[in-house]
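Q: any chance you can model this:
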Amino acid sequence: MDKRSLEIARQLKKDIEKNLSKGSTSGGNVIDMRIFGSRARDDFEKDSDLDIFIELEKNNPEIRKIIGHLTWKFGFENGFVITTIIFTRDELENGPMKYSPIYRSIERDGIEV
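A: Sure thing, here's the model as predicted:
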């Protein structure tokens with residue numbers, strides 16, 4: 001695992017949690033956050049993106065906007081794109097995503113932040 005990517009993801013998680021504890025986004029708590037893909041496998045190229053899976057207690061357009069802004073900011077500051085996959089616990093337990101090969105791969109191989 002790339003230590004720099006892990007540290008960036010940890011700081012991103014802190015900022016997401018801080019921003020989601022305010023106002024109408026309160027309750028949008030981060031349940032799980034994992035790095036997956038080439039940076040988790042440590043076989044990335046210089047211009048590879050940082051893939052992050054985020055499981056939230058709740059999700060809505062305002063929460064997605066906050067996370068989108070923060071991931072863009074962190075990616076810009078660090079010279080690479082951060083790509084997120086965001087789902088709620090309910091979507092993962094009761095929706096089709098629980099059968100998805102990518103979700104199973106993230107569960108198995110993703111690096112917890």
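Q: strands of this structure, residue ranges please.
A: Taking DSSP state E to define them, one finds strands in the chain at 30-36, 50-56, 82-88, 111-112.
Q: how many other residues sit next to the nearest residue to Phe74 once chain neighbours are set aside?
A: Nearest non-adjacent residue to Phe74, counting by Cβ to Cβ, 6 or more residues apart in numbering: Leu12, 5.0 Å away. For the C-beta atoms, the positions are set from N, CA and C on the backbone; glycine is no exception. Using other Cβ atoms under 10 Å, Leu12 has 24 other residues around it.
Q: tell me how far Leu12 lies from Gly110.
A: Using Cβ to Cβ, to the nearest Å, Leu12 is found at 15 Å from Gly110.
Q: cool, Gly79 as well?
A: 23 Å.
Q: and if you look at Phe76?
A: Using Cβ to Cβ, Phe76 is found at 24 Å from Gly110.
Q: and if you look at Asp42?
A: Asp42 sits at a distance of 13 Å from Gly110 (criterion: Cβ to Cβ).
Q: so for those two, which sits in the more crowded spot?
A: A count of neighbours by other Cβ under 10 Å puts Gly110 above the other of Asp42 and Gly110, at 19 against 11.
Q: residue contacts, the more buried one?
A: By Cβ atoms under 8 Å, 6 or more residues apart in numbering, the contact list for Gly110 reads Arg34, Ile35, Phe36, Ala40, Phe53.
Q: farthest pair in those?
A: Ala40 and Phe53 (10.0 Å; Cβ to Cβ).
Q: and for those two, which residues touch both?
A: Shared contacts of Ala40 and Phe53, defined by Cβ under 8 Å, 6+ apart, comprise Arg34, Gly110.
Q: looking at the strands of the chain, which is buried most?
A: Burial of those is given as mean neighbour count (mean count of other Cβ atoms under 10 Å); strand 50-56 ranks first at a mean of 24.
Q: shaky segments in this structure?
A: Judged by pLDDT under 70, the chain has its weakly predicted residues at 23-25.
Q: helices of that one, start to end?
A: Along the chain, counting by DSSP state H, helices occupy 3-20, 38-41, 61-78, 89-94, 101-109.
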